[in-house]
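Asker: The sequence isn't on hand, but the structure is:
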Ligand code: SP5
Ligand code: ZN
């Protein structure tokens, strides 16, 4: 399996994450990628290449143009306003306020385009986000060209990013861009399977009313887990997309017996639907030791999950999402990839 990786992810290295009322070193940090790369090499997965240049056409087709311009220019505007620190949203439009009037003031604009203030934007965030989507796009081209699988070692991750909001450590929804590229190339049925611990609210929202992309997500129940306000089981899609959004919210303490049964159900529905291509949003934060999550998967469960997903025999683009138990992120990620290839 070819792996696509860009050093430019390092341009995004925020110093601060607002967590429990304190600024802490972000859970989503550059060394996550080093752990994955080291483990890939240990396991002989050494076909690692840099991405081709980013293609903004599908990104612009899928996402809000004002949002993209905001991401590109936010740092300069923030600094021009005299702000001393990293970009942190301090206010967001809430119940009873305007949801569609965009402030000129950068502080107001940041809140307009943000849904979770744990996530900081820094000087290099835009370029890192573009390098991440470039990795995903190069992986998509390989699979569209006939490869069984390709792994985009995306960082920053993407699945929480919507058409016009960042948050949850995500800025551009890499997996969604891949799905869009498949449909642009003529695929009538593309499935996105999201096994990150957190609900893929961004991906759900981007395809909620579409008939050509199915979205299935296994995640911590929104009553108990970020992103809190989306991811319930009764969110099934709308209009032409009715029935094509599948949420599997699960409670604290969920183990592989329960999680694997949800995975099997999602796999059966993707298969029955007749998906032609699969995008796997691969977070490994369902791991029992993850510091911000509450499932109980063991490392070998990730291998088994990879095998079950590989059993679909679909052309598959894997996009890296979350996973914060830093020493185990490489092992668990590579376990999924090895299972896929079995
Ligand atoms: C891609 C991805 O996995 N994003 C996850 C975003 C999670 N944001 C909420 C983090 C909450 C951290 N709470 C810390 C509790 C430590 N005990
Ligand atoms: Zn996650």
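Answerer: Yep, it's here. For clarity, every value in this text was computed on a predicted model and none was experimentally measured. Ligands and ions are numbered 1, 2, ... in the order given.

Asker: Which secondary structure element is home to the spatially closest residue to residue 291 that is not a sequence neighbour?
Answerer: By the measure of CB to CB, 6 or more residues apart in numbering, the closest residue to residue 291 outside its immediate chain neighbours is residue 324, 5.4 Å from it. Backbone N, C-alpha and C define where each C-beta goes, glycine included. Using DSSP states H and E, no element contains residue 324; it sits outside every helix and strand.

Asker: I'd say residue 324 and residue 27 touch.
Answerer: Yes. In this structure, residue 324 is within contact of residue 27 by CB atoms under 8 Å, at 4.3 Å.

Asker: ok, the residue lying farthest from the centre of the chain to ligand 2 distance?
Answerer: Here the centre of the chain is the reference, and by CA atoms, centre = their mean the most remote residue is residue 82, at 32.0 Å. To ligand 2, residue 82 is 34 Å away according to CB to the ion, to the nearest Å.

Asker: and the stretch 201-342 of the chain, which of its residues are near ligand 1?
Answerer: With CB under 6 Å from any ligand atom as the criterion, the stretch 201-342 of the chain meets ligand 1 at residues 226, 283, 285, 291, 292, 321, 322.

Asker: Now do stretch 327-340: everything it contacts.
Answerer: Around stretch 327-340, the neighbours that count as contacts under CB atoms under 8 Å, 6 or more residues apart in numbering are 1, 32, 35-40, 43, 45, 149, 151, 280, 282, 284, 287, 289, 297, 299-300, 302-310, 316, 318, 320, 323, 325.

Asker: Quick check on those: which are buried?
Answerer: 1, 32, 35-37, 39-40, 45, 149, 151, 280, 282, 284, 287, 289, 297, 299, 302-310, 316, 318, 320, 323, 325 (16 or more other CB atoms under 10 Å).

Asker: Let's see which of those residues end up in strands.
Answerer: 149, 151, 280, 282, 316, 318, 320 (DSSP state E).

Asker: Would you agree residue 214 falls within a strand?
Answerer: Yes. Note on residue 214: a strand contains this position according to DSSP: H, G, I helix; E, B strand; the rest coil.

Asker: which residues does it contact?
Answerer: With contact taken as CB under 8 Å, 6+ apart, residue 214 is in contact with 189, 190, 191, 192, 207, 244, 245, 246, 269, 270, 273, 275.
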